[in-house]
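Asks: missing the sequence, but the structure's below:
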Ligand SMILES: [Zn+2]
Ligand SMILES: [Zn+2]
Ligand SMILES: [Zn+2]
Ligand SMILES: [Zn+2]
Ligand SMILES: [Zn+2]
Ligand SMILES: [Zn+2]
């Protein structure tokens, strides 16, 4: 049964009585095509569908008929077997491929009488049941008739056996004989044979073309893989480089923070030294003031004579001292080097 998956719609994988053949030679059911988006493309291979409605004109009659014939075979091979399609009651004894009917023995007799002018080929259900699906399809293929293509003739059951090469049409004997426009003729079987062979040859020739397309396909796949690889490598390179830069910047951060720390330390030390110096001067001035005051209050003349020059020298030295100007020291919190390095980052 899996051999016959090919008769299903290539979209939904279902049987359908309305199979359409697209120009790309994909087969899709009417349902799939009416839900197809965009309507102008084959859903399998994206080839354009020329019809504005998105519904191709060509029916895949081969697959549709094969579905029907396989349906008949299924009925035949069912355990119960088919029942007569005329009287509905009796078990069918034969299958008439022309009428596409199962018939019981009684109905078959009626059928033979009714159709005795036209040679309907009826097969025994028992024989058919012994056949494989392939054999059954082969048999029904042989017994399928081609009808005359003149208007009305097919309906009247005019079987065609002649092909007119000028009109490229199948004709019944009466059309071929009565209408003098038709010629030259050939046997319809040789024409169908020729058409099959024509397709076979073309298909064979296409195989060479196919191999060059396959080579191109492989090359394109290679190229796509290469591109993917190159992209991957580039991504990796970027990641590595950025990681490296981040590490570098982190190190710089640590160094700069260290510099700030050291600068702060130095600033603190300098300030402390300065504070100490200025504080010392203030204390010397206090001591001087105090001593001069005490001299004034309590000193004897002898003491004044002994000590005054020394004290005067010290006071003169204090007089020469200047408080340090604000600009003399490096400004704390200046961090000039840090700023410069930050800008260089
Ligand atoms: Zn479908
Ligand atoms: Zn397609
Ligand atoms: Zn019957
Ligand atoms: Zn029949
Ligand atoms: Zn005809
Ligand atoms: Zn003709």
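Replies: On my side now, so go ahead. Predicted model only: the values in this text are computed from it and were never measured. Numbering: from 1, shown residues only. Ligands and ions are numbered 1, 2, ... in the order given.
Asks: roughly how far apart are residue 308 and residue 301?
Replies: Residue 308 is 10 Å from residue 301, where distance means Cβ to Cβ, to the nearest Å. No exception for glycine: its C-beta is placed from N, CA and C like everyone else's.
Asks: again, but for residue 212
Replies: In terms of Cβ to Cβ, residue 212 sits 133 Å off from residue 301.
Asks: do the same with residue 76
Replies: Applying Cβ to Cβ, the value for residue 76 to residue 301 is 159 Å.
Asks: any weak-confidence spans in the stretch 201-345 of the chain?
Replies: 327-334 (pLDDT under 70).
Asks: can you name the residue of it nearest ligand 2?
Replies: Closest to ligand 2 within the stretch 201-345 of the chain is residue 213: 15.2 Å, counting by Cβ to the ion.
Asks: ok, then the element right after the helix or strand harbouring that residue?
Replies: Using DSSP states H and E, residue 213 sits within helix 188-298. The helix or strand immediately downstream of helix 188-298 is helix 301-320, counting by DSSP H and E.
Asks: packing partners of that next one?
Replies: helix 188-298 (3 or more Cβ pairs under 8 Å, 6 or more residues apart in numbering; DSSP states H and E).
Asks: how near is residue 337 to residue 256?
Replies: Per Cβ to Cβ, residue 337 is found 9 Å from residue 256.
Asks: ok, and what's touching the strand or helix carrying residue 72?
Replies: Assigned by DSSP H and E, residue 72 belongs to helix 61-77. Contacts to helix 61-77, defined as Cβ atoms under 8 Å, 6 or more residues apart in numbering, come from residues 4, 6-7, 15-19, 27, 81-82, 95, 100, 102, 125, 128-129, 133, 136-137, 140.
Asks: ok, 6 Å please
Replies: For helix 61-77, contacts defined as Cβ atoms under 6 Å, 6 or more residues apart in numbering pick out 4, 7, 15, 19, 27, 82, 125, 128-129, 133, 136-137, 140.
Asks: dump those residues to JSON lines, plus secondary structure.
Replies: Compiled in JSON lines, the contacts of helix 61-77 are given as follows (DSSP: H, G, I helix; E, B strand; the rest coil):
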{"residue": "4", "secondary structure": "helix"}
{"residue": "7", "secondary structure": "helix"}
{"residue": "15", "secondary structure": "coil"}
{"residue": "19", "secondary structure": "strand"}
{"residue": "27", "secondary structure": "strand"}
{"residue": "82", "secondary structure": "coil"}
{"residue": "125", "secondary structure": "helix"}
{"residue": "128", "secondary structure": "helix"}
{"residue": "129", "secondary structure": "helix"}
{"residue": "133", "secondary structure": "helix"}
{"residue": "136", "secondary structure": "helix"}
{"residue": "137", "secondary structure": "helix"}
{"residue": "140", "secondary structure": "helix"}
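Asks: good, we can wrap up now.
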